[in-house]
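S.K.: return atomic coordinates for the entry below.
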Amino acid sequence: MLRTNIDKTVMQSLQGKIHHPINPSPFRVDADGNAHVLPATGGITYNVKVGDCAFGWSGDHVEPGVSIRNEDRNENNAMMLFACIGNEARIVTGDAKGAKGFVIGKHGGIEHVLIQFEKDDLEKMAVDDKILIKGFGQGLKLLDYPDIQVMNVDPRLFLNIPIKEDNVLKVPVAAEVPAYLMGSGIGALTAFSGDYDIMTEDLDEIKRLGLDKLKFGDLVLLRDCDNSYGRGYLKGAVSIGVVIHSDCIKMGHGPGITTIMTCKKSLIEGYKDENANILNYIDYIK
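M.R.: Just a heads-up that it's a prediction; the model follows:
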């Protein structure tokens, strides 16, 4: 068992409301210059959920489940920073009051926290319903691996991942992504909030690497990607992330990845596991 400071990691209330989809322009332009009218971010997405394939949807940056935000920028920044994948979420207003779900990702740019609920609960929800999150995870440390940073992940989820120790940490992953495919989100101030995208314009390369089979919630290894103090390229660095939104048609974009581990040194390795999805590690929400 990995030694952590879970007993000293703070759990704190966070709250947002279901955010209506917004669309400043009717058209989204693809890499070939074609204009499309497509569903995108926000709202309650009834038929897209964790475990579904992130590719093939007739949409752009589609967010599975429920998308929440605060209109107060400082409050929303805090929610985006301190909400972690796997955190318990609970509806506190409306017809679905009391229903529980869990955080599945944080989408930068639009600044949404994404949450999965049961289908029957989605049917009772409405835009502007408030959702309380038990923010838990930022500040988690690996006591025997000080060079490895952990971020954006509930400690209970993290400790349920079958990570193997052999002087390095071997993490189950659905796929490996080379640094040259990481696009939108590079250069961000921090990886403790939001995500960045796998670029998918070169579909032949995506298929060659098996990335076209990725599902929402899958764990992926990002090769030569340093997410320590922002997002960038560093030879030998390794990061682990979770697929949080769908493929995109815009150039430089694709499925979004929220980082949960990073190291400037090659102290993280991946081993292929088709079951490497957060759905298989969340058993603590009752």
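S.K.: going forward, measure contacts and count neighbours with C-alpha atoms only.
M.R.: Fine.
S.K.: buried residues, stretch 202-214. List them.
M.R.: Ile206, Leu211, Asp212, Lys213, Leu214 (16 or more other Cα atoms under 10 Å).
S.K.: from these, which land in helices?
M.R.: Ile206 (DSSP state H).
S.K.: so which residues of the protein form helices?
M.R.: 73-82, 119-122, 155-160, 203-208.
S.K.: to Gly194, which of those helices lies closest?
M.R.: helix 73-82 (6.9 Å; Cα to Cα).
S.K.: now do the contacts for His107.
M.R.: Val113, Leu114, Gly194, Asp195, Ile244, His245, Gly256, Thr258 (Cα atoms under 8 Å, 6 or more residues apart in numbering).
S.K.: next one: Lys97
M.R.: Contacts of Lys97 (Cα under 8 Å, 6+ apart): Arg90, Ile91.
S.K.: roughly how far apart are it and Ile104?
M.R.: Separation of Lys97 from Ile104 (Cα to Cα, to the nearest Å): 20 Å.
S.K.: next: Asp147.
M.R.: 26 Å.
S.K.: export the buried residues of stretch 202-214 to TSV and append columns for distance to Gly42 and pLDDT.
M.R.: What follows is these, written out as TSV (distance: Cα to Cα, whole Å; pLDDT from 0 to 100):
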residue	distance to Gly42	pLDDT
Ile206	26	98
Leu211	25	98
Asp212	23	98
Lys213	24	98
Leu214	21	99
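S.K.: possible to save the buried residues of stretch 202-214 as a markdown table with distance to Lys130?
M.R.: Formatted as a markdown table, the buried residues of stretch 202-214 follow (distance: Cα to Cα, whole Å):
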| residue | distance to Lys130 |
| --- | --- |
| Ile206 | 38 |
| Leu211 | 35 |
| Asp212 | 34 |
| Lys213 | 34 |
| Leu214 | 31 |
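S.K.: closest one of the buried residues of stretch 202-214 to Glu63?
M.R.: Using Cα to Cα, the buried residues of stretch 202-214 come closest to Glu63 at Leu214, 14.6 Å.
S.K.: thought that closest one was touching Val50?
M.R.: No: under the criterion of Cα atoms under 8 Å, Leu214 makes no contact with Val50, lying 10.9 Å away.
S.K.: re the thing from before, who has more neighbours out of Asp147 and Ile104?
M.R.: Higher neighbour count among Asp147 and Ile104: Ile104, with 31 against 16, using other Cα atoms under 10 Å.
S.K.: that older thread, for Gly16, which of the helices of the chain is the nearest?
M.R.: Short answer: helix 73-82, nearest of those by Cα to Cα, at 7.7 Å.
S.K.: which helices and strands does the closest one pack with?
M.R.: strand 11-18, strand 112-116 (3 or more Cα pairs under 8 Å, 6 or more residues apart in numbering; DSSP states H and E).
S.K.: please redo it, this time with the cut-off set to 10 Å
M.R.: strand 11-18, strand 65-69, strand 100-107, strand 112-116, strand 130-136 (3 or more Cα pairs under 10 Å, 6 or more residues apart in numbering; DSSP states H and E).
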